[in-house]
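**Q** only geometry, no sequence info:
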């Protein structure tokens with residue numbers, strides 16, 4: 001059976017970020033993820049994890065200027081040095097937090113750059129990051145994101161991600177399969193998960209439309225959870241959705257509740 005991790009960027013926004021660790025633990029979660037740890041001291045985050053009996057399952061590499069609309073810089077040819085500095089910073093945090101995997105956001109294709117050229121830059125940066133993470137005993141993930149939510153994002157489909165993974169050829173490079181993004185771009189969720197499972201190291205979920213909790217939209221999650229369980233996936237599924245109301249009150253969808 002998969003394990004469900006609370007995404008603290010999106011869940012428990014009723015309280016300040018550092019208080020969300022306790023809120024997640026009180027709601028029954030044993031694992032957490034969030035977009036970025038870099039605004040807080042690693043020791044403070046590690047203490048919140050320890051004090052609440054939680055494990056950190058995922059965070060992202062630095063994305064560039066998020067507040068200015070950047071969604072990763074891994075496909076930007078003029079940002080290679082910044083990307084490499086971010087890899088080092090991400091490894092430092094992941095090591096301190098006991099986080100075994102880091103997601104690398106591909107980024108929005110820069111104006112004037114062809115998508116093939118952007119892919120080549122992304123591939124080069126993935127090879128570098130995978131090597132650095134391997135030396136630290138960490139896994140590197142890439143995540144297709146739908147082009148409705150982030151227009152111009154380079155990596156949008158699972159087959160594109162698999163092609164890049166195979167081209168880079170790093171044994172610690174895996175797919176992060178986000179059910180919400182995949183539904184918007186591809187559908188065929190159960191069949192795609194079954195086909196790609198050997199290379200999937202992490203999943204995330206939200207329903208569609210609205211990116212709210214399971215049961216709010218068109219995805220038949222009871223069936224999908226059954227299929228994921230039948231396939232033998234026992235890793236983490238990050239709950240990366242926008243609660244339609246109070247977070248804790250909306251957790252009735254969790255299996256076993």
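**A** On my side now, so go ahead. What you are looking at is a predicted structure, and each value in this text was computed from that prediction instead of being measured.

**Q** Would you map the strands across this structure?
**A** 3-7, 31-33, 55-60, 101-104, 139-142, 173-178, 200-205, 236-239 (DSSP state E).

**Q** Just send those back as a markdown table, with distance to residue 132 and mean neighbour count too.
**A** Quick note: C-beta positions are derived from backbone N, CA and C, even for glycine. Below are these laid out as a markdown table (distance: least, CB to CB, whole Å; neighbours: other CB atoms under 10 Å):
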| stretch | distance to residue 132 | mean neighbour count |
| --- | --- | --- |
| strand 3-7 | 24 | 23 |
| strand 31-33 | 21 | 26 |
| strand 55-60 | 15 | 23 |
| strand 101-104 | 10 | 24 |
| strand 139-142 | 9 | 24 |
| strand 173-178 | 12 | 24 |
| strand 200-205 | 17 | 22 |
| strand 236-239 | 23 | 25 |
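
**Q** Select, out of these, the one closest to residue 191.
**A** Nearest to residue 191, of all the strands of the chain, is strand 173-178, at 12.5 Å by CB to CB.

**Q** can you list the weak-confidence ranges in the stretch 51-200 of the chain?
**A** For the stretch 51-200 of the chain, applying pLDDT under 70 flags no range at all.

**Q** what sits against residue 215?
**A** 207, 221, 253 (CB atoms under 8 Å, 6 or more residues apart in numbering).

**Q** what's the distance between the residue nearest to the last one when sequence neighbours are not counted and residue 60?
**A** The reference is to residue 253. The shortest distance from residue 253 to any non-neighbouring residue, by CB to CB, 6 or more residues apart in numbering, is to residue 214 (4.3 Å). The gap separating residue 214 from residue 60 is 23 Å, by CB to CB, to the nearest Å.

**Q** Also residue 248?
**A** Taken as CB to CB, the span from residue 248 to residue 60 is 25 Å.

**Q** Wait, residue 22 touches residue 54, no?
**A** No: judged on CB atoms under 8 Å, residue 22 makes no contact with residue 54 at a distance of 9.3 Å.

**Q** picking that back up, just checking, the residue nearest to residue 253 touches residue 220?
**A** No: between residue 214 and residue 220 there is no contact, the gap being 9.4 Å when judged by CB under 8 Å.

**Q** Please identify which of those two sits among more neighbours.
**A** More crowded of residue 214 and residue 220, by other CB atoms under 10 Å: residue 214, with 23 against 14.

**Q** wait, what's in contact with that one?
**A** Taking CB under 8 Å, 6+ apart as the test, what residue 214 contacts is 205-207, 221, 241, 253.

**Q** Could you report the pLDDT at it?
**A** Residue 214 carries a pLDDT value of 98.

**Q** What sits closest to residue 40 if chain neighbours are left out?
**A** That would be residue 18: by CB to CB, 6+ apart, it lies 7.1 Å from residue 40.

**Q** Quick one: neighbours of that neighbour, just the number.
**A** With other CB under 10 Å as criterion, residue 18 counts 13.

**Q** do the same with the one 3 residues further on
**A** Counted with other CB under 10 Å, the neighbours of residue 21 add up to 26.

**Q** go on, residue 53?
**A** Neighbours of residue 53 using other CB under 10 Å come to 10.

**Q** For it, give me its contacts.
**A** By CB under 8 Å, 6+ apart, residue 53 lies in contact with 25, 30.

**Q** cool, the one 10 residues further on as well?
**A** The neighbourhood of residue 63, defined by CB under 8 Å, 6+ apart, consists of 35-36, 70-73, 105, 107.

**Q** before we move on, back to that, which one among the contacts of residue 215 gets closest to residue 4?
**A** When the contacts of residue 215 are ranked by distance to residue 4 (CB to CB), residue 253 comes first, at 9.9 Å.

**Q** What separation do you get for residue 203 and residue 10?
**A** 15 Å.

**Q** Looking at residue 2 now. What's its pLDDT?
**A** 89.

**Q** I'd say it and residue 231 touch.
**A** No: at 9.8 Å, residue 2 does not count as touching residue 231 under the criterion of CB under 8 Å.
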